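S.K.: No letters, just coordinates:
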């Protein structure tokens with residue numbers, strides 16, 4: 001059971017990490033309790049242009065923030081987040097916003113958008129662990145992603 005759950009958690013954490021990384025650089029619509037991203041301020045776009053960063057690509061400058069998102073899996077636990085580096089800490093400000101900057105979350109929406117996948121993957125892992133096989137009857141609804 002524990003081995004199957006560990007495998008399921010790994011698949012879920014990897015998917016959330018990839019989704020969060022993919023959100024950086026393009027405006028995001030609202031996802032559940034997470035707000036849609038506001039447009040970047042003109043002053044921000046001007047500063048990005050001055051520094052040679054891509055225009056109209058929120059949170060994307062050098063790509064460092066996306067590189068700081070990672071995951072780890074331990075028995076019955078998965079963590080997806082930003083590493084404790086300067087770029088990783090900046091991602092936290094974007095995730096929650098500040099008094100001067102609206103939130104532009106990537107981790108929360110990635111989790112929210114993958115809720116059905118997570119439920120199905122962990123359910124399949126639990127059933128596989130209980131019965132000792134990956135051959136689950138289709139009537140249980142775990143036969144496909």
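M.R.: Sure thing, it's come through. In this text the structure is predicted, and so the values were computed from the model without any measurement. Residues are numbered from 1 along each chain as shown.
S.K.: So residue 49 sits against residue 55, correct?
M.R.: Yes: between residue 49 and residue 55 there is a contact under CB atoms under 8 Å: 6.1 Å. Placement of C-beta: from N, CA and C, glycine included.
S.K.: Check what pLDDT the closest residue to residue 26 other than its chain neighbours gets.
M.R.: Using CB to CB, 6 or more residues apart in numbering and skipping residues adjacent in sequence, the residue nearest residue 26 is residue 57, 6.9 Å away. Note for residue 57: predicted pLDDT of 88.
S.K.: Which secondary structure state is assigned to residue 57?
M.R.: Reduced to three states with DSSP: H, G, I helix; E, B strand; the rest coil, the structure at residue 57 is coil.
S.K.: Count residues in the vicinity of it, would you?
M.R.: 15 (other CB atoms under 10 Å).
S.K.: check contacts around residue 70.
M.R.: Listed by CB atoms under 8 Å, 6 or more residues apart in numbering, the contact set of residue 70 reads 17, 80-83.
S.K.: So the residue nearest to residue 26 versus residue 40, what's the distance?
M.R.: Relative to residue 40, residue 57 is positioned 9 Å away (CB to CB, to the nearest Å).
S.K.: what bits of the protein have low per-residue confidence?
M.R.: By pLDDT under 70, the weakly predicted segments of the chain are 137, 142-145.
S.K.: what about the longest helix in it?
M.R.: What stands out as the longest helix in the chain, according to DSSP state H, is helix 2-23.
S.K.: Can you name the next helix or strand after that one?
M.R.: Sequence order places helix 42-51 as the next helix or strand after helix 2-23, per DSSP states H and E.
S.K.: Heading C-terminal from that next one, find the next helix or strand.
M.R.: helix 64-67.
S.K.: helices or strands next to that next one in the packing?
M.R.: Helix 64-67 sits against helix 86-96, with contacts defined as 3 or more CB pairs under 8 Å, 6 or more residues apart in numbering; DSSP states H and E.
S.K.: The helix it packs on versus helix 2-23: what angle between them?
M.R.: Using axes from the mean of the first three to the mean of the last three CA atoms, to 10 degrees, the direction of helix 86-96 lies 80 degrees away from that of helix 2-23.
S.K.: what's the next secondary structure element after helix 86-96?
M.R.: helix 107-113.
S.K.: buried stuff in that following helix?
M.R.: Buried residues in helix 107-113, counted by 16 or more other CB atoms under 10 Å: 107-113.
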